[in-house]
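Asker: could you look at this predicted model? Sequence included:
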Amino acid sequence: MTPAAPRSLSNPRAITERRQLLTAPHMAPLTEFVETLRGEGRGAVPDFDPLDGGIEATILFLMEKPGPMTDDTAIAGRVGSGFISRDNDDPTAAATFSFMQQAGIDRRQSILWNTVPWWNGTRKIAGEEMTAGLNRLGSLLDLLPGLKAVVAVGGRASKASSFVKSRGLHLILSAHPSPINRAARPAVWEGIPAQWAEAKRYL
């Protein structure tokens with residue numbers, strides 16, 4: 001069932017199958033966490049991907065903010081998958097899929113999340129949004145008892161650095177795998193898999 005190529009969530013059937021796994025034992029606490037965030041009314045909150053490690057994950061890849069292809073309510077643009085996933089139908093997710101493979105990160109060891117968990121129709125992050133996201137990060141970390149390392153993906157995700165270290169977790173700073181970053185800094189973009197592979201040292 002594990003996808004062999006990027007963008008598998010472009011298939012509606014794959015989305016349906018994955019939704020059926022949201023109450024699996026490794027996922028149920030995370031699904032409840034997401035529902036709590038949705039109840040705040042700040043925007044769409046994508047579900048964690050059940051094909052990742054769930055609460056058994058040892059590495060958290062902390063991205064910046066959900067994009068439109070995580071949104072299944074179509075706040076802006078196309079209807080997305082409803083998941084934060086390396087399998088989403090967009091260039092950043094496709095790069096994430098490939099970079100994970102290049103870094104040798106076992107999918108079941110990892111989990112993806114966003115520093116700001118709400119998608120509100122814009123990629124911009126207001127200061128209040130960042131503060132709100134950081135204030136809820138601790139509740140997520142409490143659900144991941146085996147977590148060893150956090151990879152902060154992108155400059156805005158690095159704002160969580162102090163909090164991550166205060167929890168006794170290893171921190172790796174990484175560039176963001178977006179197409180914008182690829183165009184502006186191709187050498188940095190190509191070095192992302194090596195940055196991500198550093199997380200394996202702490203397992």
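Answerer: Okay, I see it.

Asker: going forward, measure contacts and count neighbours with C-alpha atoms only.
Answerer: OK.

Asker: what residues sit buried inside the longest helix along the chain?
Answerer: Ranked by residue count, the top helix of the chain under DSSP state H comes out as helix 127-141. Using 16 or more other CA atoms under 10 Å as the test for burial, helix 127-141 gives Glu129, Met130, Gly133, Leu134, Leu137.

Asker: which neighbouring elements make contact with that helix?
Answerer: Here helix 127-141 touches no other helix or strand, going by 3 or more CA pairs under 8 Å, 6 or more residues apart in numbering; DSSP states H and E.

Asker: list of residues touching that helix?
Answerer: Contact partners of helix 127-141, identified using CA atoms under 8 Å, 6 or more residues apart in numbering, comprise Leu30, Phe33, Thr115, Val116, Pro117, Leu147, Ala160.

Asker: so which elements touch the next helix or strand after it?
Answerer: Using DSSP states H and E, the helix or strand that follows helix 127-141 towards the C-terminus is strand 149-153. Packed against strand 149-153 by the contact rule (3+ CA pairs under 8 Å, 6+ apart) you find strand 59-63, strand 170-174.

Asker: tell me what the last one is packed against?
Answerer: If I follow you right, that is strand 170-174. By 3+ CA pairs under 8 Å, 6+ apart, strand 170-174 packs against strand 149-153, helix 161-166, helix 192-197.

Asker: mean confidence for the helix or strand following it?
Answerer: Under the assignment DSSP H and E, the closest C-terminal helix or strand after strand 170-174 is helix 179-184. The average pLDDT within helix 179-184 is 96.

Asker: state the mean pLDDT of stretch 65-73.
Answerer: 82.

Asker: so what touches it?
Answerer: Contacts for stretch 65-73 (CA under 8 Å, 6+ apart): 44-46, 74-85, 88-90, 114-119, 121, 123, 125.

Asker: circling back: could I get the helices and strands packed on strand 149-153 as CSV with mean neighbour count and distance to Arg19?
Answerer: Shown next, in CSV, are the helices and strands packed on strand 149-153 (neighbours: other CA atoms under 10 Å; distance: least, CA to CA, whole Å):
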stretch, mean neighbour count, distance to Arg19
strand 59-63, 25, 21
strand 170-174, 20, 30
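
Asker: now these as a markdown table including distance to Ala183?
Answerer: Conversion of the helices and strands packed on strand 149-153 to a markdown table gives the following (distance: least, CA to CA, whole Å):
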| stretch | distance to Ala183 |
| --- | --- |
| strand 59-63 | 19 |
| strand 170-174 | 17 |
